[in-house]
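[1] Predicted model follows, preceded by the sequence.
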Amino acid sequence: MGTIHLFRKPQRSFFGKLLREFRLVAADRRSWKILLFGVINLVCTGFLLMWCSSTNSIALTAYTYLTIFDLFSLMTCLISYWVTMRKPSPVYSFGFERLEVLAVFASTVLAQLGALFILKESAERFLEQPEIHTGRLLVGTFVALSFNLFTMLSIRNKPFAYVSEAASTSWLQEHVADLSRSLCGIIPGLSSIFLPRMNPFVLIDLAGAFALCITYMLIEINNYFAVDTASAIAIALMTFGTMYPMSVYSGKVLLQTTPPHVIGQLDKLIREVSTLDGVLEVRNEHFWTLGFGSLAGSVHVRIRRDANEQMVLAHVTNRLYTLVSTLTVQIFKDDWIRPALLSGPVAANVLNFSDHHIIPMPLLKGTDDLNPVTSTPAKPSSPPPEFSFDTPGKNVNPVILLNTQTRPYGFGLNHGHTPYSSMLNQGLGVPGIGATQGLRTGFTNIPSRYGTNNRIGQPRP
Amino acid sequence: MEEKYGGDVRAGPGGGGGGLGPVDVPSARLTKYIVLLCFTKFLKAVGLFESYDLLKAVHIVQFIFILKLGTAFFMVLFQKPFSSGKTITKHQWIKIFKHAVAGCIISLLWFFGLTLCGPLRTLLLFEHSDIVVISLLSVLFTSSGGGPAKTRGAAFFIIAVICLLLFDNDDLMAKMAEHPEGHHDSALTHMLYTAIAFLGVADHKGGVLLLVLALCCKVGFHTASRKLSIDVGGAKRLQALSHLVSVLLLCPWVIVLSVTTESKVESWFSLIMPFATVIFLVMILDFYVDSICSVKMEVSKCARYGSFPIFISALLFGNFWTHPITDQLRAMNKAAHQESTEHVLSGGVVVSAIFFILSANILSSPSKRGQKGTLIGYSPEGTPLYNFMGDAFQHSSQSIPRFIKESLKQILEESDSRQIFYFLCLNLLFTFVELFYGVLTNSLGLISDGFHMLFDCSALVMGLFAALMSRWKATRIFSYGYGRIEILSGFINGLFLIVIAFFVFMESVARLIDPPELDTHMLTPVSVGGLIVNLIGICAFSHAHSHAHGASQGSCHSSDHSHSHHMHGHSDHGHGHSHGPAGGGMNANMRGVFLHVLADTLGSIGVIVSTILIEQFGWFIADPLCSLFIAILISLSVVPLIKDACQVLLLRLPPEYEKELHIALEKIQKIEGLISYRDPHFWRHSASIVAGTIHIQVTSDVLEQRIVQQVTGILKDAGVNNLTIQVEKEAYFQHMSGLSTGFHDVLAMTKQMESMKYCKDGTYIM
């Protein structure tokens, strides 16, 4: 998939590509271990399925599905290794991080579908209970349990570990936590194991094995074959309970939703952004998680017509970058056409224009609260509540940068730590159209001391 | 403090003087009441065991009549309901009459259950206090059950009942099941017996169900009679009057009964003593001690201390009950009750007794509502404030018919959900007809096929929900709207089909190895019925399908849906998609549902074909081969759906727009004043939304808004309808380098790949 060039259909066959990607992953030593476990898992699952048909026990089948789920989780782990190696392709422009999420979602949903199937089967079995042979039941249980626990504890499965931490607690975990809270009241030392919550996979493995042991016991003692069906239902319900929160979590990531836990922070940032000077409103905010953890987003910011777009853009980006790593900010102004048409010819030599525009402007701010070097706070720890973009520094000499036509990428390289003040004015030259600005200053978030009225009737060449 | 913050705000446990929690009375003062309660419960168990023995000899209506008579006599004597207290109005008399009728019915159920399941099981099932049952019901039927502990308690209760139902191999039950019809003494018992026989369960299981029903009735009865007892002037007075009225009620019945049937009792005189004990222990003593204890102790504590001794003593008596009166009675009446026909202890009963004790313990413990409160802030004194009434106010309760009406209206509003809904109804109808017929004819094949249909219906239900939800308005969390749910639902449906195909495959492989003998005569009508239902579905859905697509492309889908579900034929359309968000027509949800119906149809066809082959030629191998073929067909048909859904979920560039977007980006490059662009992200969010973000670098002498307008125009033409364009000039990068500490960050930022990590390094601190 990775080699797809822009807008060209891949020529290679599907399996060839798969093989190539597989080789890529297999080059990593860590994935050998996973592959080894995968092979063991396949063998184990095969045996278990055989024993399932020989014992005719549906509870063991339900437990075997957990082993199959382990196989999926191993695959997810491999995929997450692969994802870290891939760069974004033009077609998958966000990269392949989401593949991890999709894999988690698919495997949890598959586990739930398997549980649904078990429920259906056991509903049929309630009508006609077949005989269960206990011969391999206990053996199968312990093989599956030990294998599951071994896999779970020896392989560091990053995506599933993340999801099981981030997703809400399953009902099984809640009950265990509730029980162990009272247990830890008696023996405080246990709290490190059981509290605040146990690993859901370990929990369901143990609980399923427990149910199977009870089944074995009761069938051995009294031939209560219905226990098998009952414990199959119990295992299926536990599977539902364990998998459901995880699939909800990963499904919400796939649905491009804003994760609820960052909404508070985002709100704070957006409030900050909307108090920036020149910003009128923030709208169309879309923030969503790209993979597990990294936020992406886009936002539209409406600004005053005389505000400096690039400056606002820089500040908004700077604010939101702390939280949102893939950010796109669209700045827009109402009614921009009209003044722009007036000053249409001027736009060609904007630098001259800025020369004239800025120098006669009076120094509005008191020197005490104005940092001469930059309009941003000198120390990030003490941000002033508002910013004034249009206020120039003391040394208002506009510097004409020579390399205006170069790509902005390499720009910073030539200058190193040039004083920011010289660069600041560069941005001020851009359309400072403020002829009708006085009409629009009814907004409370514009501090009056900036005295925007002074700009009215500014000489315009 | 509370007044300041309104009635529903309470200070947390840290503050407020600590007077808010339940006050613990020193246990020493309560000990005598607890001992009294335990002793009474023990005696009540004795009384019930004795009344079981009595019921063998005495008819149930006569028994209840005597019981009520004795109780009424005693209570009227002690309470003096007529001479003391205010006079009772006519209205209240009517209420007391109703109370008495309900009381009679409940005690009838109770003692009938006693005759069916024996005293031990009756005690286990029926002797739960109201608080236990109420919290059980609130866990089962309301969302705010009160934490995981209560849920556990409810689960234990249910397990205990199930244990009694399924794992209780009572020897007597088998014998009682073969009782000859007409053995019953009266029309009433006969009616109850027939009702239980109609349910298709053995007698003791019917008794268990009857007792559970009676328990629920009893709790409802107690709750309902609480107000009446206050009106009348105390529960004791009400009881006395009610017993009296019920004696009068039962009187004619008993007279008719004793006239028409000859009594099995030889001398009533010898029964006076046992009746007196039963009346005293079961009715009077229990009632008085309960009322005393509930005054002196908390109700929950009362319930907890009360339930334990009664269950334990029931277990003990169940094992050792050889009271002399049993033999005496047995000698007296000649009814042939052997020793072996007693309701004995069994493993299931012991297990269920343990579960009952546990659940009574958990359910009667006071719920910790404090944990449910949400922290809303701090009081000026610094104590935390919790909001306890959140649930009650946030979830405005809607009446169920209204809710159904609303959701039906929503479902029928749009064609997609309407189609799914109608088909779901049809499918469910067919399923239930099948199930009903299966139960009627006792055919397992039909029933299991019905379950299979139900299993399939779950996919339809999901599709219906997705179709409903996709129309919800955008919220803060779902900022683009809920349209993407359809895609996710399509993906899940695809996985569902894969799972089905896998199971069919496994089954057919197993049958291929070991072909079983099939009984084909029942299969054909069922599968023909299923085929007809599914064909209707296919017709409806394919119509909707091609209709939805016809809006935008019109070429894609003709007859062969099973394989060519690919969304090809899009890219050669030029600018065909410029007409806004409604045109997009790809609906993964409907595709998933459609494929599901298709798979079912294939299944029915496979069954029919294999049936014909088996009946005509006797090829038993045809059945597994057919299912193998079907499994492969299903998985092949579902692959395109999954692939498409995956691509959308992975935010791929929409394949049907690739060419146009390529052209659009080339056009953008040619815009005057534009240097370059970076990070072009375009993806399909849902069927109707194609979103895109792009960063554009321009020379510093052009107007950003003009660029934005041009680029927007070009990309809108290419089909992107949710667009964010970031226009950057050199100045932007200078600002950014000024805002951050060094130009390294600028470098990093422009190279989007590493940007995130640099951010995390702490250079942008805020």
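    Yep, it's here. Numbers count the residues shown, from 1 in each chain, chains lettered A, B, ... in the order given.
[2] I'd like the distance between B:Leu426 and chain A.
    20 Å (Cβ to the nearest Cβ, to the nearest Å). Any C-beta I mention is one placed from the backbone N, CA and C, and that applies to glycine too.
[3] Can you give the domain ranges for chain B?
    Domain assignment for chain B by the TED database gives B:28-323+B:345-366, B:401-430+B:459-544+B:586-650, B:656-751.
[4] Please tabulate the ones you listed in CSV, including the columns mean neighbour count and distance to A:Gly291.
    Formatted as CSV, the domains of chain B follow (neighbours: other Cβ atoms under 10 Å in any protein chain shown; distance: least, Cβ to Cβ, whole Å):
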stretch, mean neighbour count, distance to A:Gly291
domain B:28-323+B:345-366, 18, 32
domain B:401-430+B:459-544+B:586-650, 19, 11
domain B:656-751, 21, 14
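[5] nearest to A:Val109, of these?
    Comparison of the domains of chain B against A:Val109 by Cβ to Cβ identifies domain B:401-430+B:459-544+B:586-650 as nearest, at 5.5 Å.
[6] Buried residues, the longest helix seen in chain A. List them.
    Longest helix in chain A by number of residues (criterion: DSSP state H): helix A:97-127. Of all the residues in helix A:97-127, those buried under the rule 16 or more other Cβ atoms under 10 Å in any protein chain shown are A:97-125.
[7] check those against chain B, which are close?
    Among these, the ones lying near chain B by Cβ under 8 Å from any Cβ of the partner chain are A:98-99, A:102, A:106, A:109-110, A:113-114, A:116-117, A:120, A:123-124.
[8] and the longest helix of chain A, what's its mean pLDDT?
    Averaged over helix A:97-127, pLDDT sits at 90.
[9] quick one: contacts of the helix or strand immediately after that helix in the chain?
    Note on helix A:97-127: by DSSP states H and E, the next helix or strand toward the C-terminus is helix A:137-154. Contact with helix A:137-154 is made by A:37, A:40-41, A:44, A:47-48, A:51-52, A:55, A:57, A:60, A:63-64, A:66-67, A:70, A:74, A:199, A:201-202, A:205-206, A:208-209, A:212-213, A:215-216, A:219, as judged by Cβ atoms under 8 Å, 6 or more residues apart in numbering or on different chains.
[10] If you count neighbours, what's buried in helix A:137-154?
    The neighbour-count check on helix A:137-154 (16+ other Cβ under 10 Å) flags A:137-138, A:140-141, A:143-145, A:147-148, A:151-152 as buried.
[11] For B:Ala645, list the residues it contacts.
    B:487-488, B:490-491, B:494, B:588.
[12] so the closest residue in space to it that isn't next to it in sequence is in which element?
    Once flanking residues are discounted, B:Ala645 sits nearest to B:Phe491: 3.9 Å by Cβ to Cβ, 6 or more residues apart in numbering or on different chains. Taking DSSP H and E as the criterion, B:Phe491 maps to helix B:484-513.
[13] for the record, mean pLDDT for that helix?
    Computed over helix B:484-513, the average pLDDT equals 88.
[14] Next, the angle from it to helix A:97-127.
    50 degrees (axes from the mean of the first three to the mean of the last three Cα atoms, to 10 degrees).
[15] Check which helices and strands helix B:484-513 is in contact with.
    helix A:97-127, helix A:226-254, helix B:444-469, helix B:588-617, helix B:622-649 (3 or more Cβ pairs under 8 Å, 6 or more residues apart in numbering or on different chains; DSSP states H and E).
[16] ok, back up a step: now that we have the contacts of helix A:137-154, which of them are buried?
    A:37, A:41, A:44, A:47-48, A:51-52, A:55, A:57, A:60, A:63-64, A:66-67, A:70, A:74, A:201, A:205, A:208-209, A:212-213, A:215-216, A:219.
[17] Cross-check the residues you listed against chain B and keep the overlap.
    Among the buried ones among the contacts of helix A:137-154, not one lies near chain B by Cβ under 8 Å from any Cβ.
[18] What average pLDDT does the helix or strand harbouring B:Leu426 get?
    Using DSSP H and E, B:Leu426 sits in helix B:415-441. Regarding helix B:415-441, the rounded mean pLDDT is 85.
[19] just checking, what packs against it?
    Counting by 3+ Cβ pairs under 8 Å, 6+ apart, helix B:415-441 packs on helix B:400-413, helix B:444-469, helix B:523-550, helix B:588-617.
[20] any chance of these in a markdown table, with distance to B:Phe156 too?
    As requested, those are arranged in a markdown table below (distance: least, Cβ to Cβ, whole Å):
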| stretch | distance to B:Phe156 |
| --- | --- |
| helix B:400-413 | 29 |
| helix B:444-469 | 28 |
| helix B:523-550 | 40 |
| helix B:588-617 | 38 |
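[21] B:Leu109 is nearest to which of those?
    B:Leu109 lies closest, by Cβ to Cβ, to one member of these: helix B:400-413, at 27.9 Å.
[22] The closest one - contacts with which helices or strands?
    Contacts defined by 3+ Cβ pairs under 8 Å, 6+ apart place helix B:400-413 against helix B:415-441, helix B:444-469.
[23] Any stretches of the stretch 451-600 of chain B with poor pLDDT?
    Along the stretch 451-600 of chain B, segments meeting pLDDT under 70 span B:517-523, B:543-586.
[24] Near chain A, which residues of it? Just list them.
    B:451-452, B:454-455, B:458, B:476-480, B:484-485, B:488, B:491-492, B:495-496, B:499, B:503, B:510.
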